[in-house]
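1. Whatever this is, show me its structure:
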Amino acid sequence: MGNAEKITFVPVLTVMVDYGNAPFLWLADNPDQGGVGPNWCDGTFWDESLPMSEGLWRKFADWAIEFDRTSFYSDDFNADDWDWLAFHARGLQLSRWLKEEVGAAYRVVYDKPYEDPNHRIDERTEILADGTLLPLQPFRSPFPEPRRLCERIVSGGQTGADRGALDFAIKHGYIHGGWAPHGRLAEDGVIPAKYQLMEIAEGGYRQRTRRNVADSDATLIVNLGELDGGTLATQVFAEKSGKPCLVVQADSGISEGMVDSVIAWLRQHDVKILNVAGPRESKRPGICRLTSDMLTAMVDSVLQPK
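-> The predicted structure is shown next:
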C-alpha cells in the first residue's frame, strides 16, 4: 500500500429482524465474510457478553418479538394495520442508541427485512456516530432481476383504482408509494397503514392528485363509464404539467390488445415511476379488482413475451 495507512477492519453489527426466537442482531467480524454474518442476539435472553446494555436489549427484544409474532405469509394475516414506516422508525432509533453504546468498536447497519414490500428503498443504512444515516449498497442476488413494468408505482390511496394499483404493487414486489390527503383520508375512513404513502401537510384530494402527477414520469388512468370528477381532474393535471397520460376505458373488460398498447406506451415514454389513478370504488364498483387484474395481465405479458 506504499505510504498509505493500512485500513483497519471494523466489525459490523447489522440490525435486522427475522423469525424464530426474534433474532435482531447479526455480526460480521471478518472482512472476508459475506452478508450480515451469524446471528448474535435475539429476543430470548440477555447476558453481559452482548454489545449492549440490558435496558437497550429489552427495547430491541420488544420490537423484534412484535415482528416475530406476525404471519406475513399466512392467508389469515391482515396486514392493513401493520405500519412499516413506524416499524422502521423504531428500528432506526434503536440502532442509533446501539451506536451510542458501542462507539467506534463496531459499525452499526440497519437492514430492512424482505417482508417489507418496499424493502428495496434505503434497504441498508449505516448509522454514524452523530446519528446521521448513510445509505449503503444492498446485497444483491447473483441471479438477474425479472423484467418489470416500471421501477415504482404510486397512487393516492383512495378506494377503487388507487387501491387496486397499490395491492398489485405489494403482491408483485414493486416499490410503491405516493401522496395521501392530510389525515390519510379516503371514502372508507383512514387509509390502511400497509400502504406506505406520504401525507401532505395541508390539503385534500386535489392537492394529493397534483403531487402524484408531478412526482411521477407518467399517469395511467383506468376507467369505467364516463370520465368525470377527480378522474377527469387527474387527466387535466397531467396535460397541464406536460406529463404523459393514458386513459384506458375498460368497460368491455381487459383485452390482449389493451395490455399490449399500455406496455408499448410505458416503453415509449421510458416510465420509471408510474402514477395509477381512476374512479373510487363507490362510483365504479369493481374498478379496484379490474385495475389489479389489468396490471397483472401486463406483468404476465412482459414475463412471457410472445
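2. What is the burial count for Asp228?
-> Using other CB atoms under 10 Å, Asp228 has 11 other residues around it. C-beta: built from backbone N, CA, C; applies to glycine.
3. try Val154
-> Counted with other CB under 10 Å, Val154 comes out at 28.
4. what's near enough to touch it?
-> Neighbouring residues of Val154 by CB atoms under 8 Å, 6 or more residues apart in numbering: His176, Gly177, Gly178, Trp179, Asn212, Asp215, Ser216, Ile273, Leu274, Asn275, Val276.
5. And the helices in the stretch 51-200 of the chain?
-> All helices of the stretch 51-200 of the chain, identified by DSSP state H, counting those that start in this stretch, fall at 54-68, 84-102, 161-172.
6. about what we covered before: out of the contacts of Val154, name the ones that lie in strands.
-> When DSSP state E defines the strands, the subset of the contacts of Val154 inside them is His176, Gly177, Trp179, Ile273, Leu274, Asn275, Val276.
7. Distance check, the residue nearest the centre of the chain against Val276.
-> Of all residues in the chain, the one closest to the mean position by CA atoms, centre = their mean is Asn118, 2.0 Å from it. Asn118 is 16 Å from Val276, where distance means CB to CB, to the nearest Å.
8. Kindly report the same for Ser255.
-> Ser255 sits 19 Å away from Val276, going by CB to CB.
9. which of those two has more neighbours?
-> Per other CB under 10 Å, whichever of Ser255 and Val276 has more neighbours is Val276, with 29 against 12.
10. Can you give me the pLDDT of the residue nearest to the centre of the chain?
-> For Asn118, the pLDDT comes out at 90.
11. got the contact list for it?
-> Trp84, Lys112, Ile175, His176, Gly177, Gln196.
12. Could you count how many residues lie near the third one?
-> Burial of Ile175, expressed as a neighbour count using other CB under 10 Å, amounts to 18.
13. The closest residue to it other than its chain neighbours and Gly177, how far apart?
-> Nearest residue to Ile175, sequence neighbours excluded (CB to CB, 6 or more residues apart in numbering): Arg152, at 4.4 Å. Separation of Arg152 from Gly177 (CB to CB) stands at 7 Å.
14. do the same with Gln33
-> 34 Å.
15. ok, the two, which is more surrounded?
-> More neighbours surround Gly177 than the other of Gln33 and Gly177, with 21 against 14 (other CB under 10 Å).
16. From what I see, Asp81 and Tyr195 are in contact.
-> No - counting by CB atoms under 8 Å, no contact exists between Asp81 and Tyr195, whose distance comes to 11.3 Å.
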